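Undergrad: sharing a sequence plus its predicted fold:
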Amino acid sequence: MKMQGLDRFPRAKLAHLPTSLESLPNLTRHIDLGFGGLFVKRDDCTGLAMGGNKARQLEFYFGDAIARGASVVLITGAIQSNYVRCTAAAAAKLGLDCVIQLEDRVKDMAVQYHVSGNVLLDELLGAEIRRVPDGEDESGADRALDALAEELSLKGAVPYTIHLSPEHPPLGALGYVEAAAELLAQAAEAEIDVGSVVVASGSGQTHAGLLVGLHACGRDDVSVHGICVRRSASLQRARVLVCARAVSRLLGLGELVDARDVDVTDSQLGDGYGKPTPESERALVMAARLEGLLIDPVYTSKAMAGMLELAQAGAFRDRSAVFIHTGGTPALFGYPPPA
């Protein structure tokens, strides 16, 4: 199933697509609630430097960067950011320089958090690493990147900045408009009645892209449940709605998504971004020991815990639910083992 409008945007081939749609039979039996079953969309297997959802998003950012003649790409993110790691890998693959700004969002972490996992890979991939002590001022972090981009321009470079604050066009969400169509085609071929999709909701681009893609395919009967990993449900709901409307405008589709379509829960937010909850730690261990599925402490374990919570509350009824595995497994090495 091909999504109309995406061909207008320049794109760099980075991800191994389509990713597989797999059953989670042991988890389904374990919770034993009698609905259609749990499935996982393996976007941890997109192939770019240990994979993850950011590979789909970066195809559009790097396509735009190359079309603009960029020589260096700049991005900001948390110390264990998957986005930053994948950006460094994409830049290396496409022959561009990369400057990454690591924000100290998660306080009081052990040394391994600062040197292992994604940080180790950032260094291996050859990115120039800058560090900033603040981690909660998105607009400020983007302004710091813009100032750095101006410095690089004066030295003769052609910088391209991937902004993370919502004031900027969400090109990356286009990757998940396409992913929604891909998922629907796979489900139809396998005769899976998908009623729900569950995803970690952080920047909002993956969540918003899925919503727009499903609605563009005429499937507003499929709910997208966003599990908050960085901010409260009220703040995240507004963010996802703004992003979804911006994506619809990019594609010339009008307003496909309204506030009623944005479903989020902050039940797994706990002490905030990068801080596991007892439920997310249990979900991480359960996924590994029942399905051999590795999820991460920051995003996907919270999303998995949220999915199990929704299942137990009867949210999926007699239809199937798909967990979007957005990757992040390198972060496992930056955290202590679950208790």
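TA: Arrived safely.

Undergrad: where does pLDDT dip in this protein?
TA: 1-2, 34, 135 (pLDDT under 70).

Undergrad: on the three-state scheme, Val242 is what?
TA: helix (DSSP: H, G, I helix; E, B strand; the rest coil).

Undergrad: now it: how far from Pro133?
TA: 28 Å (C-beta to C-beta, to the nearest Å). Glycine gets a C-beta too; all of them are placed from N, C-alpha and C.

Undergrad: which strands or helices does the strand or helix carrying Lys302 pack on?
TA: Assigned by DSSP states H and E, Lys302 falls within helix 300-312. Counting contacts by 3 or more C-beta pairs under 8 Å, 6 or more residues apart in numbering; DSSP states H and E, helix 300-312 is packed against helix 25-31, strand 194-201, strand 223-228, strand 263-265, helix 278-291, strand 320-324.

Undergrad: who's more crowded, Val242 and Pro133?
TA: Neighbour tally, Val242 and Pro133, criterion other C-beta atoms under 10 Å: the higher count belongs to Val242, 16 against 7.

Undergrad: who's in contact with the residue nearest to the more buried one when sequence neighbours are not counted?
TA: Using C-beta to C-beta, 6 or more residues apart in numbering and skipping the chain neighbours, the partner closest in space to Val242 is Pro166 (5.6 Å). By C-beta atoms under 8 Å, 6 or more residues apart in numbering, the contact list for Pro166 reads 138, 204, 239, 242-243, 246.

Undergrad: show me where this structure has strands.
TA: 21-23, 38-41, 72-78, 97-103, 128-132, 159-162, 194-201, 223-228, 263-265, 320-324 (DSSP state E).

Undergrad: nearest to His16, of the helices and strands packed on helix 300-312?
TA: Nearest to His16 among these is strand 320-324 (16.0 Å), distances taken as C-beta to C-beta.

Undergrad: what pairs with that closest one, parallel or antiparallel?
TA: When pairing is defined by DSSP bridges, strand 320-324 lines up against strand 38-41 (parallel), strand 194-201 (parallel).

Undergrad: other residues contacting the longest one?
TA: For strand 194-201, the surrounding residues in contact (C-beta under 8 Å, 6+ apart) are 36, 39, 183-184, 187, 206-207, 210, 214, 221-229, 236, 240, 264, 299-300, 302-303, 306-307, 310, 315-317, 319-324, 326.

Undergrad: do the same with the first one
TA: Around strand 38-41, the neighbours that count as contacts under C-beta under 8 Å, 6+ apart are 19-24, 27-28, 31, 179, 183, 192, 194, 291, 293, 307, 311, 320-325.

Undergrad: can you add distance to Gln112 and mean neighbour count and give the strands of the chain back as TSV?
TA: Formatted as TSV, the strands of the chain follow (distance: least, C-beta to C-beta, whole Å; neighbours: other C-beta atoms under 10 Å):
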stretch	distance to Gln112	mean neighbour count
strand 21-23	31	17
strand 38-41	28	26
strand 72-78	15	25
strand 97-103	15	22
strand 128-132	16	14
strand 159-162	27	22
strand 194-201	22	26
strand 223-228	25	26
strand 263-265	30	20
strand 320-324	27	25
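
Undergrad: need those in JSON lines with distance to Leu332, can you?
TA: Shown next, in JSON lines, are these (distance: least, C-beta to C-beta, whole Å):
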{"stretch": "strand 21-23", "distance to Leu332": "20"}
{"stretch": "strand 38-41", "distance to Leu332": "17"}
{"stretch": "strand 72-78", "distance to Leu332": "15"}
{"stretch": "strand 97-103", "distance to Leu332": "18"}
{"stretch": "strand 128-132", "distance to Leu332": "21"}
{"stretch": "strand 159-162", "distance to Leu332": "25"}
{"stretch": "strand 194-201", "distance to Leu332": "15"}
{"stretch": "strand 223-228", "distance to Leu332": "18"}
{"stretch": "strand 263-265", "distance to Leu332": "24"}
{"stretch": "strand 320-324", "distance to Leu332": "17"}
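
Undergrad: what sits against the closest residue to Leu294 other than its chain neighbours?
TA: With C-beta to C-beta, 6+ apart as the criterion, Leu294 has its nearest non-adjacent residue at 5.0 Å, and that residue is Thr329. Taking C-beta under 8 Å, 6+ apart as the criterion, Thr329 is in contact with 44, 50-51, 294-296.

Undergrad: one more time with 7 Å
TA: 44, 50, 294, 296 (C-beta atoms under 7 Å, 6 or more residues apart in numbering).

Undergrad: among those, which lie within helices?
TA: Among the contacts of Thr329, no member falls in helices (DSSP state H).

Undergrad: got a winner among these for most neighbours?
TA: Going by other C-beta under 10 Å, Asp296 tops those with 31 neighbours.

Undergrad: measure it to Gln80 for me?
TA: 9 Å.
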